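Participant: Predicted model, plus sequence, below.
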Amino acid sequence: VQLQASGGGLVQAGGSLRLSCAASGSALGFNVMDWFRQAPGKEREFVAAISWSSGRTRYADSVKGRFTISRDNAKNTVYLQMNSLKPEDTAVYYCATSRIAGMGPYDYWGQGTLVTVSS
């Protein structure tokens with residue numbers, strides 16, 4: 001497994017969750033880790049990205065100020081701290097590798113972790 005996503009679950013609106021994505025093998029050869037999400041019946045959308053080397057981050061407007069992406073290079077793991085969650089944040093969240101934040105191609109994808117936010 002090149003990317004292992006975890007941390008999803010059921011949370012009430014206003015609550016918090018932290019997702020993790022552990023990278024291994026060939027997935028470590030890419031400079032950027034991205035998070036995407038896909039809600040039922042909707043297209044996949046970009047959420048956030050971080051550079052392993054510089055720590056520079058990028059966020060979708062819909063999550064700015066609520067979500068924080070970070071990385072632990074020693075653990076080869078990227079985190080997505082999600083605060084002030086809303087029902088519209090409900091989706092399957094995927095991590096993926098890329099060379100430029102928010103831009104493909106995306107060579108490796110995690111298996112997805114489900115986040116459900118109840119109202």
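Facilitator: Right, received. Where do you want to start?
Participant: CA only for contacts and neighbour counts going forward, please
Facilitator: OK.
Participant: all helices of this structure, in order?
Facilitator: Taking DSSP state H as the criterion, the chain carries no helices.
Participant: Leaving out sequence neighbours, find the closest residue to Trp35.
Facilitator: Leaving aside its sequence neighbours, Trp35 sits nearest to Cys95 (Cα to Cα, 6 or more residues apart in numbering; 4.5 Å).
Participant: what's the burial count for that neighbour?
Facilitator: Residues within reach of Cys95, counting by other Cα atoms under 10 Å, total 32.
Participant: That one against Tyr106, yeah?
Facilitator: No - applying Cα atoms under 8 Å as the test, Cys95 and Tyr106 come out as separate, 9.7 Å apart.
Participant: Let me know the pLDDT of the residue most central in space within the chain.
Facilitator: Nearest to the geometric centre of the chain sits Trp35, at 2.8 Å (Cα atoms, centre = their mean). pLDDT for Trp35: 97.
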